[in-house]
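J.: structure for this input, please:
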Amino acid sequence: MNIIVLGGGAPGKFGNDFVNKARAEGHRVIVLSHRDRMTGNSDDRTINYRNIESIKPILQHISKELPVIDIILFNQNGAGYPFSAEELFAEPNISEYNNLVNIHVVVPHLIVAMLYENLVEGSKVVFMSSTMAFEYDRQNFGSMVGYPAAKSFVTHLMSSMSRSRTKNITFSAVCPYFMYNEPEKYQETLQHLYTHIFEHDDTLNGKIVVQSWEPGKAYKESKIKYV
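T.: Numbers count the residues shown, from 1 in each chain. Now for the predicted structure:
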């Protein structure tokens, strides 16, 4: 398969593990990252979220390079501005707000728009969301605004694309929980989500897949619900 991953360069994290696993199985994976990880792999490419125009030639090249794209995974992360109580009650940083929207919404929108003709019936576009996007009364990370707001924005983008599509491309979102501090549980999550991304079908168009986990309780990888 031909796969595009936005945000898959950081070693030891899901995006990079997904990329390495897919490449090991023979898939062509092009990674778009804001950092040059110096991997020496020509399919690991750097983009500048703060300069949208500079991304367009890169996507034009990919559209010619890969006539068919089977999967696009939007895995970009980042805490997002504003994050702290101090930032909430200080004068807003417009540049950081703009960058937040660029990372989570504008660039994914641009990628889908510019590579839409390369997506065919059966192709999948998967957005990495978060349950924080829906938890307005949460107690954890109470001062965090940027990350959950961005994930809410991009989930609505996914939802509208799923309902407005002109061909059977599956648009969906996933809300996993990666327990990096517990490697065995993380590996279970990685394998389950990896399989899901490759094997889910169009019945999940417009859906959000949530992996349930509660702090202090046993984590059950098989406990998946569809919203």
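
J.: ok, and what's touching the helix or strand hosting L193?
T.: L193 belongs to helix 183-199 when assigned by DSSP states H and E. Under the criterion CB atoms under 8 Å, 6 or more residues apart in numbering, residues 1, 14, 17-18, 21-22, 71, 73, 124, 126, 174, 176-180, 209, 211, 219, 221-222, 224 lie in contact with helix 183-199. For the C-beta atoms, the positions are set from N, CA and C on the backbone; glycine is no exception.

J.: mind listing what's buried in that helix?
T.: K185, Y186, E188, T189, L190, L193, Y194, H196, I197, F198 (16 or more other CB atoms under 10 Å).

J.: put together a markdown table for the residues you listed, with distance to Y147 on each row.
T.: Listed next are the buried residues of helix 183-199 as a markdown table, based on distance: CB to CB, whole Å:
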| residue | distance to Y147 |
| --- | --- |
| K185 | 22 |
| Y186 | 20 |
| E188 | 24 |
| T189 | 19 |
| L190 | 21 |
| L193 | 19 |
| Y194 | 23 |
| H196 | 23 |
| I197 | 22 |
| F198 | 27 |
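
J.: ok, which pair from those is furthest apart?
T.: Within the buried residues of helix 183-199, two members stand farthest from each other by CB to CB: K185 and F198, at 21.0 Å.

J.: quick one on the thing from earlier: so of the contacts of helix 183-199, which ones are in helices?
T.: Judged by DSSP state H, the subset of the contacts of helix 183-199 located in helices is F14, D17, F18, K21, A22.

J.: which members of those residues are classed as buried?
T.: Applying a neighbour-count criterion of 16+ other CB under 10 Å, the buried members of the ones in helices among the contacts of helix 183-199 are F14, D17, F18, A22.
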